[in-house]
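Participant: below are the sequence and a predicted model for it; my questions follow.
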Amino acid sequence: MVLQWFFSGSSVVLQWFFSGSTVALQWLYSGSTVALQWLYSGSTQNTKRSYSEYHWNTITISNS
């Protein structure tokens, strides 16, 4: 299990990883931008979400 947290100026990054059947979480905040990346490897799920002050953009990718 790994947990990493970074802070630099107006940027905050949180990374989390668990290795049982692989869970990963990455979160980024920088100024007016928020990004979230999520991976789950049991039945494989991969979601990437990003936010800016103008719109939400959500992309979901299913790996075969």
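Facilitator: On my side now, so go ahead.

Participant: from here on, contacts and neighbour counts on C-alpha atoms
Facilitator: Noted.

Participant: could you give the number of residues near Leu3?
Facilitator: Using other Cα atoms under 10 Å, Leu3 has 12 neighbouring residues.

Participant: apart from its chain neighbours, what residue comes closest to it?
Facilitator: Leaving aside its sequence neighbours, Leu3 sits nearest to Trp16 (Cα to Cα, 6 or more residues apart in numbering; 4.5 Å).

Participant: that neighbour against Ala24, yeah?
Facilitator: Yes. Trp16 is within contact range of Ala24, at 5.7 Å (criterion: Cα atoms under 8 Å).

Participant: more crowded one of the two?
Facilitator: Shown here are Trp16 and Ala24; by other Cα under 10 Å, Ala24 has more neighbours (18 against 15).

Participant: tell me which stretches of this protein form strands.
Facilitator: 2-8, 11-18, 23-30, 33-40, 45-51, 56-61 (DSSP state E).

Participant: partner strands of the second one, parallel or antiparallel?
Facilitator: Based on DSSP bridges, the pairing partners of strand 11-18 within the sheet are strand 2-8 (antiparallel), strand 23-30 (antiparallel).

Participant: need the winner for burial among those strands.
Facilitator: Sort these by mean neighbour count, taking mean count of other Cα atoms under 10 Å, and strand 23-30 sits at the top with a mean of 17.

Participant: so that strand versus strand 33-40, what angle?
Facilitator: 180 degrees (axes from the mean of the first three to the mean of the last three Cα atoms, to 10 degrees).

Participant: contact partners of strand 23-30?
Facilitator: 10-18, 34-41 (Cα atoms under 8 Å, 6 or more residues apart in numbering).

Participant: isn't Phe6 up against Val13?
Facilitator: Yes. The criterion here is Cα under 8 Å, and Phe6 meets it with Val13 at 5.0 Å.

Participant: spit out the residues that contact those two alike.
Facilitator: Common neighbours of Phe6 and Val13 (Cα under 8 Å, 6+ apart) do not exist.

Participant: tabulate the strands of the chain in TSV, adding columns for mean pLDDT.
Facilitator: Shown next, in TSV, are these (pLDDT from 0 to 100):
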stretch	mean pLDDT
strand 2-8	76
strand 11-18	82
strand 23-30	82
strand 33-40	78
strand 45-51	57
strand 56-61	38
